[in-house]
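>>> take a look and give me a structure for this.
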Amino acid sequence: MAEILSALRSLMASHSPPLHALIVPSEDYHQSEYVSDRDKRREFVSGFTGSAGLALITKDEARLWTDGRYFLQAMQQLSDQWQLMRIGEDPSVDSWISDNLPREAAIGVDPWCVSVDTAQRWERAFAKNHQKLIQTSSNLVDEVWKNQPPAETNPVIVHPLEFAGRSVAEKLKDLREKLAIEKACGIIITALDEVAWLYNIRGSDVSYCPVVHAFAIVTLNSAFLYVDKRKVSSKVSSSIQENGIEVREYSTVSSDVALLASNQLDKDTGLSSGQNGVCESGTCEAEEKNNDLIWVDPASCCYALFSKLDAKKMLQQQSPLALAKALKNPVELDGLRNAHIRDGAAVVQYLVWLDKQMQEIYGASGYFLEGKGRSKKRSRETMKLTEVTASDKLEGFRATKEHFRGLSFPTISSVGPNAAVIHYSPQPETCAELDPDSIYLFDSGAQYLDGTTDITRTVHFGKPSEHEKACYTSDSTQVLKGHIALGNACFPNGTNGHALDILARIPLWRYGLDYRHGTGHGIGSYLNVHEGPHLISFRPQARNVPLQASMTVTDEPGYYEDGTFGIRLENVLVIKEADTEFNFGDKGYLSFEHITWAPYQIKLIDLSLLTPEEIEWLNTYHSKCREILAPSMDKNELDWLKKATEPVSA
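Model prediction:
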């Protein structure tokens, strides 16, 4: 690590102009949350492996900013050469730079790896002390990363209409109508999941995310896909071109953005007006004269491409594809429901297997009994169960299901103190062994051709302490109660996720407790497991987009005691229209439909602390679990499921 920092500081000093600081973001050229191995530059320089963070290197210091999900993990992974900066508690990176670096300092960043919004925010902060944000012509980290992985060259795959639900032609037609309304002649699409969704393509360039490293440009007359052509077979190329899309090399997007800015991009496309939803009857020429804006999403467009455009002819607002993608069509909704049924069956099969293993190997009392288990001595090391071997078994159950294409994120399989690390990622060399006397939390999901899943359950195979039970449902924490409260919410159209976040937190706040992550995120249809633009969170951006019918969102409150244990429960919900007795203000009301199916462990619930309504909800949910999952179970599994979902009373 010291050698990396030294090499970077040498490049900073020889840069023109010399750099007082270098910012190394987590993001790739598309501002992705999860990036390919080649793009893990922040991880390479800092050693911190979390998905969110930002590194700052100065002549004398190295600091890393990350959010509350990763505080514990960062403290464990950062060397003593790095200082952790806690987002929400410590000054932001731009404030720290403004206040701590000299006047007229030069701060370098690769403009491909930072969004327009972020770069402009930094520039405003730096201007106070006449500091400047310098766009480096190359990525300095790449210059010192001797064994940087090669760029991915995985094949582009056409996503069939039977799963996508809407054709490319329909999506392009809708997009061009939005361009016309906004007086725009074209749009630059940089978010990987938006490109994949619009063109009905998928890939495997980023682990866990079925996306392709690609850009797109759509104008009133034409459409382009910028991708490494080695990834595109002749069959896939023909399918793409049939939709009026021209395939160009990934690296040409920069020069084509410049052509777009000078109104030259459409000149030699060879595409005729009226193709696949393009304007017809001679209207294109008239519209082109009136529509001269170029639409960019400042949250996802990189600063490098933005810098090639004329600021006076730009429309800077959220991509219209973000909301269109979030509003699932009926085919996508059916696919998500079906995927979650198969996924729920895999989770139950895993719990049945794990329950048996914990009893046989460790003498645990098991999933249902609270008694202290009998200790057992293992006769063979192969009988050892670890966080990794257990999660591998869960993946194995999922892999047997129809349409399975891999996991949707690295499984969080965590025992005892590790469960308090919110985004814990167990490694084979260092992971913990399962412990019958400790809480076990697993947060996991899968990618299926018809949907993406994400579920969290917390279980105990021994005798949970009274404190652990209290932290699950009592008046002091009430994770389950918050989970139920949010899932049962009914709210008027126009309500955003910021307003609903409180429902899951009130039980915790009542006792001065909280959790450092959002309560819910959207989820893709065989796309990214974290999908915007909506979310349920305390963060201000949760106010930006109202929740709407046919969106998906998770419900995942938690409670964590550092060094002791963690608890989280998570289901995926579909937002639907609510059938209310009244309709005040003619707004229309919304509610949630649970599509995740797996039991909650009754042993970890103090039923005396649940209200009659909560008991009824729990029994109803468990009854549906039995009914929905039974066809996927063998006799042993079904017997276990029936026992796990027996009706309860206070």
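
>>> look up how far residue 623 lies from residue 617.
Using C-beta to C-beta, to the nearest Å, residue 617 is found at 11 Å from residue 623. Placement of C-beta: from N, CA and C, glycine included.

>>> out of the two, which sits in the busier spot?
The residue with more neighbours, out of residue 617 and residue 623, is residue 617; 17 against 13, by other C-beta atoms under 10 Å.

>>> buried ones in stretch 305-320?
305, 306, 308, 309, 314, 316, 318, 319, 320 (16 or more other C-beta atoms under 10 Å).

>>> how about stretch 236-255?
236, 239, 240, 243, 244, 245, 247, 248, 250, 253.

>>> just how off-centre is that stretch within its chain?
Here stretch 236-255 is found 27 Å from its chain centre; the criterion is C-alpha atoms, centre = their mean, to the nearest Å.

>>> pLDDT (mean, whole number) over it?
Stretch 236-255 comes out with an average pLDDT of 97.

>>> span of it from start to end?
25 Å (C-alpha to C-alpha, to the nearest Å).

>>> contact partners of that stretch?
155-158, 167-169, 172, 199, 201, 213-215, 217, 222-229, 232, 256, 269, 271, 275-276, 278, 304-305, 308 (C-beta atoms under 8 Å, 6 or more residues apart in numbering).

>>> the domain parsing of this protein - what is it?
The chain breaks down by the TED database into domains covering 1-144, 157-266+291-324, 330-367+384-644.

>>> about what we covered before: nearest to residue 359 among the buried residues of stretch 236-255?
residue 236 (50.0 Å; C-beta to C-beta).

>>> please tell me how far that closest one sits from residue 225.
Going from residue 236 to residue 225 by C-beta to C-beta gives 10 Å.

>>> try residue 489
Distance, residue 489 to residue 225, using C-beta to C-beta: 40 Å.

>>> more neighbours: those two, which one.
More crowded of residue 489 and residue 225, by other C-beta under 10 Å: residue 225, with 28 against 20.

>>> pLDDT value on that one, please?
Note for residue 225: predicted pLDDT of 98.

>>> do the same with residue 280
Note for residue 280: predicted pLDDT of 47.

>>> ok, which pair from the buried residues of stretch 305-320 is furthest apart?
It's 308 and 320 that sit farthest apart of the buried residues of stretch 305-320, by C-beta to C-beta, at 21.5 Å.

>>> what's near enough to touch the residue nearest the centre of the chain?
With distances taken as C-alpha atoms, centre = their mean, residue 530 lies nearest the centre of the chain, 2.3 Å away. Going by C-beta under 8 Å, 6+ apart, residue 530 touches 33, 521, 522, 523.

>>> inside helices: which ones of these?
Within the contacts of residue 530, no residue falls in helices by DSSP state H.

>>> which is the next helix or strand following the worst-scoring helix or strand of the chain on mean pLDDT?
Every helix and strand of the chain was ranked by mean pLDDT, DSSP states H and E. The lowest is helix 283-290, at a mean of 54. Sequence-wise, the next helix or strand downstream of helix 283-290 (DSSP states H and E) is strand 293-296.

>>> report all helices and strands that that following strand contacts.
strand 184-189, strand 314-316 (3 or more C-beta pairs under 8 Å, 6 or more residues apart in numbering; DSSP states H and E).

>>> just the CA atoms of that strand, as CSV, please.
C-alpha atoms of strand 293-296 as CSV (Å, rounded to 0.1, in the frame of the first residue of the first chain):
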residue,chain,number,x,y,z
LEU,A,293,-31.2,20.6,-26.7
ILE,A,294,-29.1,17.6,-25.7
TRP,A,295,-30.4,15.7,-22.7
VAL,A,296,-27.9,14.5,-20.1
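
>>> which residues touch the next helix or strand along the chain from it?
Moving toward the C-terminus from strand 293-296, the next helix or strand (DSSP H and E) is helix 303-306. Outside of helix 303-306, the residues within contact range by C-beta under 8 Å, 6+ apart are 29, 109-112, 114-116, 119, 135, 188, 190, 253-254, 257, 296, 298, 314.

>>> buried ones among these?
So, by 16+ other C-beta under 10 Å, the buried ones in those are 29, 109-112, 114-116, 119, 188, 190, 253, 257, 296, 298, 314.

>>> low-confidence ranges, the protein, go.
Counting by pLDDT under 70, the ranges of the chain that qualify are 267-290, 372-382, 470-477.

>>> nearest residue to residue 569 in space, please, no chain neighbours.
residue 483 (4.6 Å; C-beta to C-beta, 6 or more residues apart in numbering).

>>> from memory the one you found sits against residue 558, does it?
No - Residue 483 is beyond contact range of residue 558, at 9.3 Å (criterion: C-beta atoms under 8 Å).

>>> which residues are common contacts for these two?
Residues touching both residue 483 and residue 558 (C-beta under 8 Å, 6+ apart) are residue 569.

>>> what segments of the stretch 501-650 of the chain are helices?
Per DSSP state H, counting those that start in this stretch, the stretch 501-650 of the chain carries helices over the ranges 612-629, 635-644.

>>> what is the orientation angle of the first one with helix 635-644?
Here helix 612-629 runs at an angle of 170 degrees relative to helix 635-644 (axes from the mean of the first three to the mean of the last three C-alpha atoms, to 10 degrees).

>>> in helix 612-629, what's buried?
614, 615, 617, 618, 621, 622, 625, 626, 628, 629.

>>> centre of the chain to it, how far?
On C-alpha atoms, centre = their mean, the centre of helix 612-629 falls 28 Å from the chain's centre.

>>> name the helices or strands packed onto it?
Contact here means 3+ C-beta pairs under 8 Å, 6+ apart; on that basis helix 612-629 packs against helix 330-362, helix 479-487, helix 635-644.

>>> quick one: closest of those helices to residue 588.
Evaluated over the helices and strands packed on helix 612-629, closeness to residue 588 peaks at helix 330-362, with 18.6 Å, by C-beta to C-beta.

>>> and the contacts of stretch 236-255, which of them are buried?
Looks like the contacts of stretch 236-255 have 156-158, 168, 172, 199, 201, 213-215, 217, 222-228, 232, 256, 271, 276, 278, 304-305, 308 buried, using 16+ other C-beta under 10 Å.

>>> show only the entries of these found in helices.
168, 172, 199, 256, 304, 305.

>>> among those residues, which two are most distant?
Using C-beta to C-beta, those span at most 27.4 Å, a distance reached by 168 and 304.

>>> restricting to C-alpha, output stretch 394-410 in PDB.
Extracted as PDB, the C-alpha positions of stretch 394-410 are listed here (Å, rounded to 0.1, in the frame of the first residue of the first chain):
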ATOM      1  CA  LEU A 394     -27.500 -21.600  -0.600                       C
ATOM      2  CA  GLU A 395     -26.200 -20.700  -4.000                       C
ATOM      3  CA  GLY A 396     -26.300 -24.300  -4.900                       C
ATOM      4  CA  PHE A 397     -30.000 -24.500  -4.000                       C
ATOM      5  CA  ARG A 398     -30.700 -21.500  -6.100                       C
ATOM      6  CA  ALA A 399     -28.700 -22.900  -9.100                       C
ATOM      7  CA  THR A 400     -31.200 -25.700  -9.400                       C
ATOM      8  CA  LYS A 401     -34.000 -23.300 -10.100                       C
ATOM      9  CA  GLU A 402     -35.400 -22.500 -13.600                       C
ATOM     10  CA  HIS A 403     -33.900 -19.400 -15.300                       C
ATOM     11  CA  PHE A 404     -31.100 -19.000 -12.700                       C
ATOM     12  CA  ARG A 405     -28.200 -16.900 -14.000                       C
ATOM     13  CA  GLY A 406     -26.200 -16.200 -10.900                       C
ATOM     14  CA  LEU A 407     -26.300 -14.200  -7.700                       C
ATOM     15  CA  SER A 408     -27.500 -10.600  -7.600                       C
ATOM     16  CA  PHE A 409     -24.800  -9.500  -5.100                       C
ATOM     17  CA  PRO A 410     -22.200 -11.100  -2.900                       C
END
